[in-house]
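Participant: Predicted coordinates and the sequence they were generated for:
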Amino acid sequence: MSDGIDYGRLMHRAMRGLIQEVLEDVRDNGLPGEHHFFITFDTGHPDAELADWLSDRYPGEMTVVMQHWFDDLDVSDEGFAVSLNFGDAPERLYIPYDAIKTFVDPSVEFGLRFESQDDEEDDDTPPDDGPGGGDDAPEPVHQDAEVVSLDRFRK
């Protein structure tokens with residue numbers, strides 16, 4: 001147990017709560033104006049639910065867009081489910097908040113990037129070499145969320 005305040009973990013939880021609150025508002029009122037979301041998530045997360053063909057096609061991560069066509073948005077304290085259009089075929093996805101890597105609303109140049117998917121910070125086991133892992137470069141210990149550059153989402 002740590003003797004200090006874990007600001008990184010607290011910020012991580014607050015940013016996930018922000019996403020939940022935004023999605024609840026969209027569920028209740030729809031997307032206002034030009035707002036839309038690019039949500040990148042870990043398709044290998046144990047609680048993520050998506051069609052086998054999607055997880056086969058995107059084995060590490062996948063970016064979904066919530067803009068013109070989405071249906072049946074269900075938001076809970078742990079994650080959200082939504083039906084999205086893939087080649088004129090609706091597919092239901094469940095995305096836990098802990099699986100989210102980036103959440104971007106380019107209409108207002110807002111974005112979050114979650115650096116760590118590791119919730120077991122109290123145990124002494126080093127993180128595994130999951131998607132994006134394996135580098136020998138040190139990772140920032142308490143940097144769980146930050147603003148993401150929108151350049152990678154621009155056409």
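Facilitator: Thanks, I have the structure now.

Participant: tell me, what residue is most central in the protein?
Facilitator: Ile100 (1.6 Å; C-alpha atoms, centre = their mean).

Participant: check which helix or strand covers the closest residue to that one other than its chain neighbours.
Facilitator: Using C-beta to C-beta, 6 or more residues apart in numbering and skipping the chain neighbours, the partner closest in space to Ile100 is Phe41 (5.1 Å). Heads up, the C-betas are built off the backbone N, CA and C, glycines and all. Per DSSP states H and E, Phe41 falls inside strand 37-42.

Participant: What lies in contact with the very next helix or strand once past that strand?
Facilitator: Sequence-wise, the next helix or strand downstream of strand 37-42 (DSSP H and E) is helix 52-57. Applying C-beta atoms under 8 Å, 6 or more residues apart in numbering, the contact partners of helix 52-57 are Thr43, Gly44, Met62, Phe86, Glu91, Leu93.

Participant: Kindly state the beta-bridge partners for the fifth one.
Facilitator: Legend: beta-bridge partners of Glu91 under DSSP bridges are Leu84.

Participant: Roughly how far does it sit from Ala48?
Facilitator: 13 Å (C-beta to C-beta, to the nearest Å).

Participant: Which one of these two is surrounded by more residues?
Facilitator: Set Glu91 next to Ala48 and count neighbours by other C-beta atoms under 10 Å: Ala48 wins out with 20 against 15.

Participant: Skipping adjacent residues, who's closest to the more buried one in space?
Facilitator: Nearest to Ala48 is Ala99, by C-beta to C-beta, 6+ apart, at 5.0 Å.
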